[in-house]
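K.L.:
give me the fold of what follows.
(one chain, ligands or ions: 1)
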Amino acid sequence: MLRKATVRLTRPIAARSLTSENRWSGDFIHVSHTDAKVGLIELDRPKALNALCDGLMLEVAKALDEFDADKSIGAVIITGRGRAFAAGADIKEMLPLNYAQVAGGDFLAHWGRVSKNTKPVLAAVNGFAFGGGCELAMMCDIMYASDKAVFGQPEIKLGTIPGAGGTQRLTRAVGKSLAMEMCLSGEPIKADQALVAGLVSKVVPGDQLLDEAHKTAAKIAEMSQLTTAICKEAVNVAFESTLAEGVRFERRMFHATFGTEDRREGMSAFAEKRKANFKDC
Ligand SMILES: CCCCCCCCCCCCC/C=C/C(=O)SCCNC(=O)CCNC(=O)[C@H](O)C(C)(C)COP(=O)(O)OP(=O)(O)OC[C@H]1O[C@@H](n2cnc3c(N)ncnc32)[C@H](O)[C@@H]1OP(=O)(O)O
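P.N.:
Next up is the predicted model:
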């Protein structure tokens, strides 16, 4: 297994080594990218189980902005270091706030940045994904879990409710009954239950999680970035529209791909039995 150079690595990425540029560590996250065009964001706030404080959110947003602007990145992975993916929004940071402050400042409005990312984002959930941590994972496009991962929306135990999409995305992912049970009881589900319920699409042993996520992210990153952005938008429209509207939108986006060089290159490569060389145009 190749180990990441210079960035403190808790787990190797077998597939590719890290390149040297565009790598940085903030107060709460480590940002790097592999030579397979995959950006990696690792939450690292061990004393608080990667609890999502505003500073951490701002660093994640900065990293996503950089990756979205970087043509050498085709997909992004978000994971946690240690035994938590993220144990929720930072309770101690929220404790002193009052209604006027959260409503007046539209608290959390900027925390949805992950869901607005142009490039595909994979959540590699390595441990506790509670509250905002589960919401962060559900904002991602693909969710893989370690067999040790636990998912919960325990906000009710704190006298509040999810505030960044938990009641909405969880219900769409697992259905009303389980979402209602998780939100009303605050009780979590384990990785195997999350797989059966459709919350995650793969569960692997913890030491293989990052490699599995990287394999998929690298495959996506080999595709035309123009087309992956179109495809991601079309899938997400399914959450926002009727079937008829969604099918119509998809058909229009399918037509649009015929205006791109990449579609011509992809079909020519197949006919000529060679690997496609996408140029994102
Ligand atoms: C711009 C892009 C950004 C993208 C981000 C998008 C996400 C947006 C999020 C927005 C969220 C809005 C609404 C959501 C609200 C919430 O999330 S409320 C919090 C929900 N979470 C919880 O209730 C879980 C709380 N933690 C626990 O129940 C336990 O810690 C545990 C996870 C079960 C682990 O228990 P244990 O192993 O016993 O460890 P502990 O001793 O409890 O914890 C170790 C230390 O970590 C601190 N800590 C844990 N969780 C939090 C937290 N959520 N906030 C702050 N601190 C936390 C804990 O206090 C311990 O610290 P010390 O006491 O100092 O040792």
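K.L.:
and the contacts of the lowest-mean-pLDDT helix or strand in the chain?
P.N.:
Scoring the helices and strands of the chain by mean pLDDT, DSSP states H and E places helix 99-104 at the bottom, with a mean of 88. For helix 99-104, contacts defined as CB atoms under 8 Å, 6 or more residues apart in numbering pick out 107-108. Any C-beta I mention is one placed from the backbone N, CA and C, and that applies to glycine too.
K.L.:
neighbouring contacts of the following helix or strand past that helix?
P.N.:
Moving toward the C-terminus from helix 99-104, the next helix or strand (DSSP states H and E) is strand 121-125. With CB under 8 Å, 6+ apart as the test, strand 121-125 has contacts from 64, 75-80, 85, 114, 129, 136-146, 149, 151, 191, 200, 209-210, 212-213, 216-217.
K.L.:
strand 121-125 pairs with which strands?
P.N.:
Strands adjacent to strand 121-125 in the sheet, as given by DSSP bridges, are strand 75-80 (parallel), strand 142-146 (parallel).
K.L.:
I'd like these laid out as JSON lines, including mean neighbour count and distance to the ligand.
P.N.:
Output for those, formatted as JSON lines (neighbours: other CB atoms under 10 Å; distance: least, CB to the nearest ligand atom, whole Å):
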{"stretch": "strand 75-80", "mean neighbour count": "28", "distance to the ligand": "8"}
{"stretch": "strand 142-146", "mean neighbour count": "26", "distance to the ligand": "14"}
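K.L.:
can you lay out the ones you listed as JSON lines showing mean pLDDT?
P.N.:
As requested, the strands paired with strand 121-125 are exported to JSON lines (pLDDT from 0 to 100):
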{"stretch": "strand 75-80", "mean pLDDT": "98"}
{"stretch": "strand 142-146", "mean pLDDT": "98"}
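K.L.:
export those strands to a markdown table and tack on distance to N98?
P.N.:
Formatted as a markdown table, those follow (distance: least, CB to CB, whole Å):
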| stretch | distance to N98 |
| --- | --- |
| strand 75-80 | 30 |
| strand 142-146 | 34 |
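K.L.:
strands of the protein, residue ranges please.
P.N.:
For the chain, strands defined by DSSP state E occupy the ranges 24-25, 29-33, 38-43, 75-80, 84-86, 121-125, 128-130, 142-146, 150-152, 189-190, 202-204.
K.L.:
near the ligand, which residues of the stretch 101-250 of the chain are found?
P.N.:
The stretch 101-250 of the chain comes close to the ligand at residues 108, 110-111, 113-114, 128, 130-132, 135-136, 139, 154-155, 158, 162-164, as judged by CB under 6 Å from any ligand atom.
K.L.:
go with 8 Å
P.N.:
108, 110-114, 128, 130-133, 135-136, 139, 150, 152-155, 157-158, 160-166, 186 (CB under 8 Å from any ligand atom).
K.L.:
now those: which count as buried?
P.N.:
For these, a neighbour count by 16 or more other CB atoms under 10 Å gives the buried set as 108, 111, 113-114, 128, 130-133, 135-136, 139, 150, 152-155, 162-166, 186.
K.L.:
quick one: contacts for whichever residue of the stretch 101-250 of the chain sits closest to the ligand?
P.N.:
Closest approach between the stretch 101-250 of the chain and the ligand, counting by CB to the nearest ligand atom: G131, at 2.3 Å. Residues in contact with G131, defined by CB under 8 Å, 6+ apart, are 87-89, 152-155, 162, 166.
K.L.:
how far away is it from V121?
P.N.:
G131 sits 19 Å away from V121, going by CB to CB, to the nearest Å.
K.L.:
can you list contacts of stretch 184-198?
P.N.:
Residues from elsewhere that reach stretch 184-198, judged by CB under 8 Å, 6+ apart: 125, 130, 145-157, 173-175, 178, 181-182, 199-203.
K.L.:
and with 7 Å instead?
P.N.:
130, 145-147, 149-152, 154, 156-157, 173-174, 178, 182, 200, 203 (CB atoms under 7 Å, 6 or more residues apart in numbering).
K.L.:
shaky segments in the protein?
P.N.:
Under the criterion pLDDT under 70, the flagged ranges of the chain are 1-22.
K.L.:
what do you get if the cut-off is 50, keeping everything else the same?
P.N.:
For the chain, the stretches with pLDDT under 50 are 1-12, 14-20.
K.L.:
center of it - which residue?
P.N.:
Residue closest to the average C-alpha location in the chain (CA atoms, centre = their mean): C140, at 2.9 Å.
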